[in-house]
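[1] sequence first, then the predicted structure, then my questions.
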Amino acid sequence: VQRESRIDAEGLDLAPQFRTATVELMATHESIRRFRPDPVPDGALDALLVAARSAPTSSNLQAYSIVVVTERDRRARLATLVGNQRYVAEAPVFLVFCADIARLRHVSARQGREFAATTLEMFLLASLDAGFALQNAALAAESLGMGTCCIGSIRNDPDAVAAELDLPRGVYAVVGLCVGYEAADCRRGVKPRLPAGATVHHERYDASGLEEHLRAYDATMIARGSYTGRQVQTGDGEQSDVYGWAEHTARRTSRPETLLGPSASLREGLRESVERQGFDIR
Ligand SMILES: Cc1cc2nc3c(=O)[nH]c(=O)nc-3n(C[C@H](O)[C@H](O)[C@H](O)COP(=O)(O)O)c2cc1C
């Protein structure tokens with residue numbers, strides 16, 4: 001499959017010695033949402049998992065777990081739980097990356113010590129560990145010619161997901177990853193990002209060019225047709241002359257439920273569901 005590189009799409013002047021295979025791989029990433037039924041070979045799955053487990057981890061705590069889901073029925077049930085995202089059932093492998101302090105609690109008890117790391121910081125640390133592991137697995141999969149799609153909607157209904165995956169107290173599903181071989185013609189070219197000047201700062205944070213960057217990005221996304229037929233309705237009959245990333249994003253963040261898909265209102269009680277799952281957040 002011919003993959004477009006962001007380096008070329010943005011016309012960046014990057015010397016060949018810096019365009020390593022790894023950089024190219026990352027610069028050609030696109031989320032894939034249509035998969036062929038072909039299974040992922042066991043060896044490929046092993047490669048993904050060793051890549052995931054090689055990710056950096058805060059203080060070597062390894063406060064994460066990965067649940068590998070390949071059973072068709074379970075993938076189908078999870079696809080429903082994440083707001084009917086068809087590709088979760090379609091991809092032959094679904095990896096669920098969890099923040100995990102259950103193992104650390106066990107180790108504390110084993111060593112006769114009290115586990116006192118029940119803080120918001122611990123939840124963030126464990127979630128970051130899970131996220132880094134996911135990104136390593138995703139890159140490994142893409143390097144093997146597979147496609148991936150992150151599924152944050154795994155947090156839509158944490159109790160049902162915990163029941164489906166037998167997650168014990170201290171384990172919280174943070175993000176899923178569909179993995180498989182992509183269907184034909186499912187790439188559109190890399191999704192444009194905000195100009196580097198909007199997200200990258202040198203030495204000190206500087207938002208002085210933001211307005212210009214927003215106008216440029218709106219123009220790029222409108223020209224690409226990114227929001228055609230996908231406009232978020234506000235219900236107040238409000239019209240916007242320019243419907244680009246800025247208007248789309250402002251509408252979505254003013255009604256966060258539109259960010260999260262159909263069953264998303266359930267995601268509101270994050271603190272409660274995280275605490276039910278054994279992370280006391282103080
Ligand atoms: C943490 C996280 C959660 C995501 N959750 C979903 C999801 O539930 N469903 C989905 O279709 N895409 C999901 N995505 C994919 C993003 O929509 C996608 O990365 C973004 O639009 C940029 O497009 P690209 O990955 O093709 O460059 C998620 C991405 C991240 C990083």
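    Ah, there it is. None of the values given here were measured: they were computed from a predicted structure.

[2] hey, let's count contacts and neighbours off CA atoms from now on
    Will do.

[3] could you pick out the longest helix of the protein?
    For the chain, the helix with the greatest residue count under DSSP state H is helix 120-143.

[4] output the contacting helices and strands for the next helix or strand after that helix.
    Tracing the chain past helix 120-143, the next element assigned as helix or strand by DSSP states H and E is strand 147-151. On a contact count with 3 or more CA pairs under 8 Å, 6 or more residues apart in numbering; DSSP states H and E, strand 147-151 meets helix 120-143, strand 171-180.

[5] what about the most centrally placed residue in the chain, distance to the ligand?
    Centroid check for the chain by CA atoms, centre = their mean gives residue 150 as the closest residue, at 3.8 Å. In this view, residue 150 and the ligand are 4 Å apart by CA to the nearest ligand atom, to the nearest Å.

[6] show me what contacts that residue?
    Contacts here follow CA atoms under 8 Å, 6 or more residues apart in numbering; on that basis residue 150 touches 31, 175-178.

[7] list the buried residues for the longest helix of the chain?
    Buried residues in helix 120-143, counted by 16 or more other CA atoms under 10 Å: 122-123, 125-142.

[8] got it, and stretch 143-153?
    146-151, 153.

[9] tell me the one of those nearest residue 198?
    Closest approach to residue 198 among the buried residues of stretch 143-153 (CA to CA): residue 150, at 23.8 Å.

[10] what stretches of this structure score poorly on pLDDT?
    Within the chain, the stretches with pLDDT under 70 are 1, 237-238, 256-266.

[11] which bits of it sit near the ligand?
    Within the chain, the positions near the ligand by CA under 6 Å from any ligand atom are 30-31, 149-153, 190-191.

[12] circling back to that earlier point, need the helices and strands packed on strand 147-151 in CSV (columns: distance to residue 48).
    Below are these laid out as CSV (distance: least, CA to CA, whole Å):
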stretch, distance to residue 48
helix 120-143, 5
strand 171-180, 10
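
[13] re the thing from before, bridging residues for the residue nearest to the centre of the chain?
    Note on residue 150: beta-bridge partners by DSSP bridges are residue 177.

[14] quick check: it vs residue 131, distance?
    Counting by CA to CA, to the nearest Å, the gap from residue 150 to residue 131 is 10 Å.

[15] overlap in contacts, those two.
    residue 175.

[16] which element is the closest residue to residue 174 other than its chain neighbours on?
    Excluding the flanking residues, the one nearest residue 174 by CA to CA, 6 or more residues apart in numbering is residue 98, at 5.2 Å. Following DSSP H and E, one finds residue 98 within strand 93-100.

[17] quick one, helices of the stretch 151-282 of the chain?
    For the stretch 151-282 of the chain, the helices defined by DSSP state H, counting those that start in this stretch occupy 158-165, 196-199, 210-224, 245-254, 270-276.

[18] count of residues packed around residue 240?
    For residue 240, the number of neighbouring residues by other CA atoms under 10 Å comes to 9.

[19] what number of residues lie near the residue nearest to it when sequence neighbours are not counted?
    Spatial nearest neighbour of residue 240, excluding adjacent residues (CA to CA, 6+ apart): residue 247 at 7.6 Å. Applying other CA under 10 Å, we find 16 residues neighbouring residue 247.

[20] cool, thanks, signing off.
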